[in-house]
Structures are given as C-alpha cells and as structure tokens.
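>>> would you be able to build a 3D model of this:
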Amino acid sequence: MHHFRFVIGGALVVLVIGSLAFIYISFLHDSNEPAEYTLLQAPDFSLPDASGKNISLETLEGDVKVITFWASWSPYTREELTSLSKLKEEYGDKVSVAALNRDANPAEGRAYLETLGLGEVLVFAYDQQDEYFKKVNGYAMPETLFLNADAKIVFHQHGPMTYDEMRAQIETMLR
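I've put the predicted structure just below:
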C-alpha cells in the first residue's frame, strides 16, 4: 500500500508541474515576436480586379500584407473595409490590403463598393468561386489574414475585428 501511495503522489506532482508549465507557456509568457519557424507561408492566389487585371501575393507590397474576405451580404463588411481603408491611409506603403470579394456575382460586390465611397486605397479582387477562401481554411465572415513581408501568415482572424484590434496587430508586426 505504501508503494501505491508513492506512485499516486508522484503522478500528481508530475501532473501539477505539467499543468503549470502549460499555463505559463500558453497564457503568461508574453512575447510580441512571432516564432518565424512556426509561421506558415500563405498560399498564392491570382484573382481578377474590377478591370480584369489579376491580383496576387506578388502584387502586394509592404512590410505588412493584409488579406481580407468580404461580401455585400455580410453585416460586418462596411465597418471592416472602412477600418482597413483608414489603416492603409495611415500606414501608407508599409501596409498593403487586398480585399477579396466572395459574392457569387462580382457585380453585386462592385455595386456595394460604390455605396461605401472608399476610393482607390484598397486593392479589390473577386473570388467568386471561394477558391482562395477555401485554401486558407476560411470559415467565418469576415476572414482576415496578416502576412509579413515574406507572405508568411502571422495572424489569422476568423470573424470581425475592430479598428483598434487591426491597428494593434499592424503595430506589433512593424516592431
């Protein structure tokens, strides 16, 4: 019986130490530097803009590349695209933004854009078959990826982001 208590006691100590280590690594360890070896390369894409010119990862420049998916039917589109437009104006050439439309009919997306009055700040392309959305494992709307200059995914947001959240992500990446 004494041997049994020793084994159980030892197992509990290992369990507690392992749990504390997990909590430290997962929640308490604060590092603003992404581990480069864990970043995944974003898949390339080639999608047409409104004029028929193809947009790809290669056409996006800057230290931070943002790819967002939107649709005229998404209730978050107006706020997301307006926030991204303001951020692009604020950061200039340091940031590029590709806004990929998911409407089955690109004309609906273009008509919606006209109501926003965003001008030419963002790069708009049309992914009407959802090919790129599927490649990046998209499952929410909106869906936003933040890539570094080497087109590696640093952050992938499923669902809406506020202007302040987007700005904080960009600031972290520009450090």
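
>>> so which helix or strand takes in the residue lying closest to Leu84 once chain neighbours are set aside?
Among residues not flanking Leu84 along the chain, Val97 sits closest, at 5.0 Å (CB to CB, 6 or more residues apart in numbering). Backbone N, C-alpha and C define where each C-beta goes, glycine included. Element membership for Val97 (DSSP states H and E) is strand 95-101.

>>> partners of that strand, with directions?
Next to strand 95-101 in the sheet, as set by DSSP bridges, lie strand 64-70 (parallel), strand 123-126 (parallel).

>>> ranking those by mean pLDDT, which is last?
Lowest mean pLDDT within the strands paired with strand 95-101: strand 123-126, a mean of 94.

>>> put the alpha carbons of that one into CSV.
Taking Å, rounded to 0.1, in the frame of the first residue of the first chain, the C-alpha atoms of strand 123-126 are listed here in CSV:
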residue,chain,number,x,y,z
VAL,A,123,-6.9,46.6,-53.8
PHE,A,124,-10.1,44.8,-54.6
ALA,A,125,-10.3,41.4,-56.3
TYR,A,126,-13.1,38.8,-56.8
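
>>> center of this structure, which residue is that?
Central residue check for the chain by CA atoms, centre = their mean: the C-alpha nearest the mean position is that of Leu145, 1.9 Å away.

>>> and that one, which of the three is it?
Secondary structure state of Leu145, per DSSP: H, G, I helix; E, B strand; the rest coil, is strand.

>>> hey, what's the closest residue to it other than its chain neighbours bridged with?
The shortest distance from Leu145 to any non-neighbouring residue, by CB to CB, 6+ apart, is to Ile67 (4.5 Å). Beta bridges link Ile67 to Ala98, Leu145, judged by DSSP bridges.

>>> residues in contact with the closest residue to His156 other than its chain neighbours?
Spatial nearest neighbour of His156, excluding adjacent residues (CB to CB, 6+ apart): Leu145 at 5.2 Å. Taking CB atoms under 8 Å, 6 or more residues apart in numbering, we find Leu145 in contact with 42, 66-68, 136, 153, 155-157.

>>> at 10 Å what do you get?
Going by CB atoms under 10 Å, 6 or more residues apart in numbering, Leu145 touches 42, 65-69, 98, 100, 136, 138, 151, 153-157.

>>> what is the most widely separated pair among these?
Taking CB to CB as the measure, these span a maximum distance of 18.1 Å, between Leu100 and Val154.

>>> and the two? Which one has more around it.
The residue with more neighbours, out of Leu100 and Val154, is Leu100; 27 against 19, by other CB atoms under 10 Å.
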